[in-house]
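# The following comprises the amino acid sequence and a computationally predicted model.
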Amino acid sequence: MTAVNATINHPSFGDVPPGRVIIFDTTLRDGEQSPGFSMNFEEKLRLAEALEDLGVDVIEAGFPIASQGDFDSVRMIAEKLQGTVVCGLARTAPADILRAAEAVKPARRKRIHTFVSTSPLHMKYKLQVEPERVLEMTIASVTLARNHTDDVEWSAEDGSRTEPDFLCRCVEAAIRAGATTINIPDTVGYAVPEEYASIFTMLLERVPGTEKVILSTHCHNDLGLAVANSLAAVRAGARQIESTINGIGERAGNASLEEVVMALRVRADSFNRANQVTTERILRTSKMLASITGFDVQPNKAIVGRNAFAHESGIHQDGVLKNAQTYEIMTPESVGWAKTSLVLGKHSGRAAFRDKLKALGYADIGDNALNDAFRRFKDLADKKKVVYDDDIVALVDDEVMRGNDTIRFVSLEVWAGSKGPQRAVLELDVDGTLQKAEAMGDGPVDATFKAIRQIHPHDAELTLFSVGAVTEGTDAQAKVTVRLSEGGKTVDGQGADTDTLVASARAYVHALNKLLVKRLKTAPAAMTA
Ligand code: KIV
Ligand code: ZN
């Protein structure tokens with residue numbers, strides 16, 4: 001039996017047969033660390049729970065040494081998850097490893113992931129150390145991590161640009177020190193599929209012990225090859241794929257989880273590698289992330305883009321009506337698109353609304369949020385001819401996101417139009433007290449935002465204001481994202497409403513609340529990913 005076909009005994013997963021691939025999600029670490037994608041404590045926990053529901057095997061929950069906020073969220077995720085492996089990232093320094101160990105300690109299954117650069121460029125310019133020192137750092141960090149958990153992953157940062165003999169020596173040293181997963185990142189997205197795959201073939205052929213550990217891919221998308229590279233490595237013997245929802249991550253992002261999972265599923269005939277992801281939950285996880293971060297995927301994004309299953313041309317429509325397989329290689333339902341997205345009307349009751357929420361993946365929404373969302377649904381159903389699933393998702397996310405807000409939107413009246421002056425009268429609930437302000441502005445949005453500043457003075461700068469439509473039609477809800485920056489902190493807020501100005505006020509207030517609770521996040525020096 002060759003190493004590619006061997007069953008591997010892993011401390012967290014037991015026997016991993018050759019037909020199984022581990023899905024490692026790093027949305028909350030590599031994804032979250034990219035500009036504009038930061039999430040607060042509650043958002044990270046909500047997403048981690050959704051990822052566990054989705055069925056990923058490992059969740060890299062953060063980089064605990066980076067800040068108290070990162071530590072707290074990794075720790076909370078470790079406490080709350082029911083069995084998914086919770087992983088904390090660490091450089092090789094003992095302080096990093098100990099902090100990661102402390103953060104993941106409460107998890108039922110835990111992993112420490114330690115990394116060091118191995119390429120000539122990184123060792124010379126970034127770390128400024130000799131290769132022999134990198135070997136020592138590797139051994140010391142893995143050994144220390146193994147004192148805290150049996151499940152230790154070691155990564156060769158910039159592995160794809162590492163000199164092969166040295167990579168083999170490092171991997172062998174990491175395995176001897178006790179690493180149970182060996183990850184070879186294509187950190188800068190430079191590799192091409194055959195070349196990336198050949199690194200795995202080489203390691204399996206040359207390095208003793210590789211047949212007993214999980215080899216892992218971690219690909220960035222700078223050349224748009226992250227998914228192709230990951231899949232090529234799987235063919236060559238990699239047993240773990242690191243990826244992120246919607247492909248978010250440093251620069252051009254990471255391999256997109258939904259794409260690798262569906263490629264393995266749809267082309268099972270070619271890959272013969274199973275995983276435990278419940279693919280029907282992919283879309284809602286993707287939408288949850290988009291709603292938390294304020295970044296929608298592009299319409300033509302594979303699997304989760306609005307157009308991924310839309311057939312515009314007559315020839316295609318005709319084919320799909322006769323037999324969907326003419327132009328669909330997977331069913332929309334298999335990744336969570338509803339057969340019909342037309343939903344409830346204004347006569348629907350609370351029970352039907354709750355059922356709908358369950359079907360959309362909001363089984364555990366609290367009673368207060370449910371009541372508020374139901375009241376807003378009724379208002380919406382009065383205003384809109386048809387209420388779609390996407391409307392409900394936007395509305396519920398809007399309510400859920402407001403769970404712990406101290407400032408809440410109450411009402412808005414606006415005088416707009418070409419004659420001016422544009423004026424806004426706004427009411428907010430601040431810590432349980434109703435406060436009212438009136439402001440004039442350069443347009444109704446400016447007037448609205450000035451009124452918010454009057455009620456809650458602050459110095460934050462508005463650095464992004466973007467408006468999109470939740471569904472189609474002139475009665476569609478507007479979805480607004482507002483980004484505020486203050487003293488090095490940046491937060492995004494979202495708001496949805498059929499009235500664009502109300503959605504704008506909600507989004508601004510949401511961002512302001514996030515700013516109030518945001519803890520300063522200071523990434524340690526020399527941290528790349
Ligand atoms: O891209 C990278 O090299 C990383 C490592 C920290 C695994 O993210
Ligand atoms: Zn990375």
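Sure, I can see it. What you see is a predicted model; the values in this text were computed from it and never measured. Ligands and ions are numbered 1, 2, ... in the order given.
# Report the buried residues of stretch 154-162.
Burial within stretch 154-162, assessed by neighbour count using 16 or more other C-beta atoms under 10 Å, is assigned to 154-162. C-beta here means a position set from N, CA and C on the backbone, and glycine is covered the same way.
# Do it and ligand 2 come into contact?
No. Judged by C-beta under 5 Å from the ion, stretch 154-162 stays clear of ligand 2, getting no closer than 8.2 Å.
# F41 is in contact with G69, correct?
Yes. G69 lies in contact with F41 (C-beta atoms under 8 Å); the separation is 6.8 Å.
# Residue of the stretch 251-400 of the chain nearest ligand 2, please.
The stretch 251-400 of the chain approaches ligand 2 most closely through N254 (6.1 Å), counting by C-beta to the ion.
# Which strand residues bridge the closest residue to that residue other than its chain neighbours?
Closest residue in space to N254, ignoring its immediate chain neighbours: T244 at 4.4 Å, by C-beta to C-beta, 6 or more residues apart in numbering. In this structure, T244 bridges to S256 when assessed by DSSP bridges.
# Tell me how many other residues crowd T244.
Using other C-beta atoms under 10 Å, T244 has 29 neighbouring residues.
# what's the answer for T149, then?
For T149, the neighbour count with other C-beta under 10 Å is 22.
# How is it assigned, secondary-structure-wise?
Here T149 is recorded as coil under DSSP: H, G, I helix; E, B strand; the rest coil.
# Residue ranges in the chain under the pLDDT threshold?
Low-confidence segments of the chain, defined by pLDDT under 70, span residues 1-2, 312, 339-343, 385, 400-401, 403, 518-529.
# Domains in it, by residue range?
Using automatic domain parsing, the domain parsing of the chain gives 9-293, 350-400, 407-518.
# Highest mean neighbour count out of these?
Across the domains of the chain, the average number of neighbours (mean count of other C-beta atoms under 10 Å) peaks for domain 9-293, which reaches a mean of 21.
# from the middle of its chain, how far away would that one be?
Remark: domain 9-293 is offset 14 Å from the chain centroid, using C-alpha atoms, centre = their mean, to the nearest Å.
# hmm, that domain touching ligand 1?
Yes. Residues of domain 9-293 contacting ligand 1 under C-beta under 6 Å from any ligand atom: 30, 115, 155, 157, 183, 185, 187, 218, 220.
# Return the closest of the residues you listed with respect to T498.
D30 (36.5 Å; C-beta to C-beta).
# Quick one: end-to-end length of stretch 25-33, please.
In stretch 25-33, first residue to last residue: 14 Å (C-alpha to C-alpha, to the nearest Å).
# Check whether that stretch comes near ligand 2.
Yes. Judged by C-beta under 5 Å from the ion, stretch 25-33 and ligand 2 are in contact via D30.
# for the stretch of helix or strand E194 belongs to, packing partners?
Counting by DSSP states H and E, the element that carries E194 is helix 193-206. If contacts are counted by 3 or more C-beta pairs under 8 Å, 6 or more residues apart in numbering; DSSP states H and E, helix 193-206 sits against helix 164-177, strand 181-186, strand 214-219, helix 226-235.
# Could you check which residue of the stretch 251-400 of the chain lies nearest ligand 1?
When distances are taken as C-beta to the nearest ligand atom, the stretch 251-400 of the chain reaches nearest to ligand 1 at N254, 7.7 Å away.
# quick one on the thing from earlier: columns distance to K212 on top of the residues of domain 9-293 next to ligand 1, output as JSON lines?
Formatted as JSON lines, those follow (distance: C-beta to C-beta, whole Å):
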{"residue": "D30", "distance to K212": "27"}
{"residue": "F115", "distance to K212": "21"}
{"residue": "S155", "distance to K212": "18"}
{"residue": "E157", "distance to K212": "23"}
{"residue": "N183", "distance to K212": "16"}
{"residue": "P185", "distance to K212": "21"}
{"residue": "T187", "distance to K212": "25"}
{"residue": "H218", "distance to K212": "20"}
{"residue": "H220", "distance to K212": "28"}
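# of all these, which comes closest to ligand 2?
Using C-beta to the ion, the residues of domain 9-293 next to ligand 1 come closest to ligand 2 at D30, 4.3 Å.
# At which residues are the helices of the stretch 251-400 of the chain located?
Secondary structure of the stretch 251-400 of the chain (DSSP state H, counting those that start in this stretch): helices at 257-266, 268-271, 282-293, 314-322, 350-359, 367-383, 389-400.
# wait, I meant the stretch 1-150 of the chain
Using DSSP H, counting those that start in this stretch, the helices found in the stretch 1-150 of the chain span residues 41-54, 68-80, 94-104, 120-121, 131-146.
# Output those helices in a markdown table; the columns should cover distance to V260.
A markdown table is the format used below for the helices of the stretch 1-150 of the chain (distance: least, C-beta to C-beta, whole Å):
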| stretch | distance to V260 |
| --- | --- |
| helix 41-54 | 13 |
| helix 68-80 | 22 |
| helix 94-104 | 25 |
| helix 120-121 | 28 |
| helix 131-146 | 27 |
